[in-house]
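Q: One predicted model, sequence on top.
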Amino acid sequence: MRLIRPTLLLVFLSGILCSVSGQDYNSINDEGQITQARRGNRESNEQDKKAEIPRGLKVWTVDDRFGDITPAEPDTASYMFMNTIFTTGKYGEYNTTGNLGAIRQNRIFTDRPNYDDFIFNHGYDYFITQVSDFHFTNTYSPITNASLNSCGNRTNGEDHFKALFAVNAGKRLGVGFKFDYLYGRGYYQENSASLFNATLYGSYLGDRYQAHFLFSTNHQKQTENGGITNDNYITHPESFSESYTTSEMPTMLERNWNRNDNLHLFYTHRYSLGFNRKVPMTEEEIKAKKFALESQKDNAAKKAKEEARKQAKKENREFDEEEYDRQAAIEAKNHPAEIAPADTTWTKNEYVPVTSFIHTAKFDNANRIYESYYTPDNYYANTYETMSRFTGDSLFDKTRHFILQNTFAIALLEGFNKYAKAGLKGFLTHEFKQYTLPDSTTMARSYNEQSVFAGGQISKSEGNTLHYNATGSVAIAGASMGDIFLDATADLNFPLLGDTIQLAADGYFHHYAPTFYYTKYHSRHFWWENDDMKSVNHTRLQGRFSLQRTQTQLRVAVDNISNYVYFGTSYNVDGERRLYNAAFVRQETENISVLTATLDQKIKMGLVNLDAQLTYQKSSHDDVIPVPALNLYANLYLRFKIAHVLDCDLGADVRYFTKYYAPDFVPGIAQFAVQENKDSRVKLGNYPIVNVYANFFLKHARFFVMMSHVNHSGEGGNAFLVPHYPINQRLFRFGISWNFFN
């Protein structure tokens, strides 16, 4: 990292100097299109002019069951770029244990995703990209992106470096590589995080055959300190006779680590039967074809010239290059190349698929280790006999999980004629799961599960007015038999009084048995066997109302859950020690309702902009699902240009939520858990976090400078997002993201 920072800064400064000197640049605009900037003033003649190389970038996501393509926007906009670096989320809606890359949980209950079986990855959704969220690429020319954000120094600083390379071999085959490395050393003791990701991906988009491939490997290492020993170091520093820096505040644990290693393979492909038809080319395709035709013409002229040169040499005479060029120009003027009519030149053959045969394969392998070389006396409430490499105070809790899933589907596709208003799919899915845990007799005992699901989908995605999607599946055999998953979305778009209104709704009904790690887990200090747990019933209904012109969006959601499964935790407090820590799997048999309402509003008055997002939540059982009543994000900034080329956002934003009993974090199982001991639980919230920033966009570079938590005073305040885990104090940060094109 010591080399990365100055190197990227040097590249950035060199780019600015080049832009001032009038060099050529290509940039991706806010709409995600790559444009060619005008050439600077310099002398040139006809022989020096070169054909403009067409530029273009398209990105999309694929459905992880069927491989359906959904267009997406490239991550190129400068708006809110400075907030994309935070583990706490773009709008500060996540609770974390403080450090960059630390484990996290969304305070907005309805925005928590439906997680996979390996619960130890749930808090790392900031870093681990799900297949359905990954951006595949198609580009007319190779593209490289390098991004870095940083703060602090080599002792306590935070660095996050990302790189992406994408290239196409023709218009059908695209490949790319993504590298992601995060290292947060930690401003508090024993709080470092090290996350690594490498991803290789590819796509082939033929007329009849299409395929997407994704290979990803992740490593997460988190040092666990169990929180500071006394919250008064943060909330009431005046109660101590001397002041403490963050690195001097004592913590509960030392030499404790959570380590996760994950490998993911995804491959989806389809073969389609259909017919051909003529359709107009897009502007980018016309530009590319013109370039190809011009290149062919230039190559032919060069070949003819070279033949003339060889002929002159063969006849033992001097070749007059200037005279040849003059005669060639006259010939081109008198006999211009014939151009086909526009209706044939600028149209293309489009293959219209009618029926597709789809296969999707997924393989996920995950390992988790909790390792400790020292545990304070009486820190854990329970100790169990397990086979382990370590004895005494040392811990080596290990578990492993893998899943192999294959889906076979047949699809009748939407839009192949005017009567096909919707697409239909039917599918079968087979999955094999294996979990490995220690017990009292062996270090590795495996548990296997197999299930078969059958289901179907009806969807409409074309057109501008109405879209919908409904998918249902049921487990018809195996360990999950009887599980039901019904999901539906719909949106209606129509103009009204010069504005565009969108009404959208989505919802689901899920009936499923609790996943493996809620029913069975073995380790030195946490052990449960819950074979009698009931199936969970979770219903969600959500509606959205959006006004495009006024940039207003209102969302209302209702969750109703029976047999809800969650973690609870308790401990006793003895001075600056938290003793007899325990964690349990709980199941609430009564129905729980959670109401969520979010208003998102953007206001612009000249240079002044105000963006605000306010969320109200109400849980019928806040002792089971605790949520803050209000969650607020507001961003006040000036937007202007400097020297007509440098876009600038200069402003400040604030994150705030009302007090509530926020879930605690249990390092031994790497899970957030409800505080159950009324004598020791603490409330968090009612503390604003303010950042001041300057965010810039120049050509094809985004960069920012920021002072985060600028309102930190050192005189107290409830600066926690998770009990006993304080957030970082005032820090200067900077970041840059640069796109390079060939």
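A: Nice, thanks for sending it over.

Q: in the protein, which spans are helices?
A: 4-20, 232-235, 283-314, 321-334, 342-345, 516-519 (DSSP state H).

Q: I'd like the mean pLDDT over the third one, please.
A: Averaged across helix 283-314, the pLDDT comes to 78.

Q: same thing with stretch 205-223?
A: 96.

Q: So what's the gap between stretch 678-685 and the chain middle?
A: Put simply, stretch 678-685 sits 32 Å off its chain's centre (CA atoms, centre = their mean, to the nearest Å).

Q: Could you shift the numbering so residue one becomes 374, and keep it that way?
A: All set: I'll call the first residue 374, so the last point we hit is now stretch 1051-1058.

Q: For it, which outside residues touch it?
A: Contacts with stretch 1051-1058, where a contact means CB atoms under 8 Å, 6 or more residues apart in numbering, come from 604, 943-946, 951, 1001, 1030-1035, 1037, 1048, 1091, 1093-1097. Quick note: C-beta positions are derived from backbone N, CA and C, even for glycine.

Q: Can you flag which of the residues you listed belong to strands?
A: Of the positions in these, 943-946, 951, 1030, 1037, 1048, 1093-1095 sit in strands, assigned by DSSP state E.

Q: Can you list the low-confidence ranges for the stretch 674-823 of the chain?
A: 706-718, 760-766, 789-793 (pLDDT under 70).

Q: could you pull out the strands for it?
A: With DSSP state E, counting those that start in this stretch as the criterion, the stretch 674-823 of the chain has strands at 720-745, 768-785, 796-810, 818-833.

Q: where does the second one sit relative to the chain's centre, distance-wise?
A: Read that as strand 768-785. The answer for strand 768-785 is 20 Å, by CA atoms, centre = their mean.

Q: Repeat that for the last one.
A: Relative to the centre of its chain, strand 818-833 is centred 25 Å away, using CA atoms, centre = their mean.

Q: Same check on the shortest one?
A: Distance, stretch centre to chain centre, for strand 796-810: 24 Å (CA atoms, centre = their mean).

Q: Pairing partners for it, with directions?
A: Strand 796-810 sits in its sheet next to strand 768-785 (antiparallel), strand 818-833 (antiparallel), going by DSSP bridges.

Q: Quickly note the distance from residue 935 to residue 908.
A: 9 Å (CB to CB, to the nearest Å).

Q: if you count what's nearby, which of the two comes out ahead?
A: Taking residue 935 and residue 908 together and counting by other CB atoms under 10 Å, residue 935 has the greater number of neighbours (17 against 14).

Q: neighbours around residue 981, how many?
A: Applying other CB under 10 Å, I find that residue 981 has 12 neighbouring residues.

Q: per-residue confidence at it?
A: 97.

Q: what residues are up against the spatially closest residue to it that is not a sequence neighbour?
A: Of all residues beyond its chain neighbours, the one nearest residue 981 is residue 1011 (6.2 Å), with distances taken as CB to CB, 6 or more residues apart in numbering. By CB under 8 Å, 6+ apart, the residues touching residue 1011 are 980-982, 1021-1024.

Q: Same question for residue 562.
A: Residues near residue 562 by CB under 8 Å, 6+ apart: 598, 620, 622-624, 627.

Q: Quick one: residues contacting residue 494.
A: 488, 501, 593, 633, 635, 739.

Q: ok, now residue 719?
A: Residues near residue 719 by CB under 8 Å, 6+ apart: 653-654, 659, 662.

Q: Over to residue 1092?
A: By CB under 8 Å, 6+ apart, the contact set of residue 1092 is 607-608, 1060, 1062, 1082, 1085, 1099-1100, 1102.

Q: repeat for residue 794
A: 787, 833.

Q: Would you mind measuring from it to residue 987?
A: 39 Å.

Q: I'd assumed residue 915 was in contact with residue 880.
A: Yes: assessed by CB atoms under 8 Å, residue 880 is found in contact with residue 915 at 6.1 Å.
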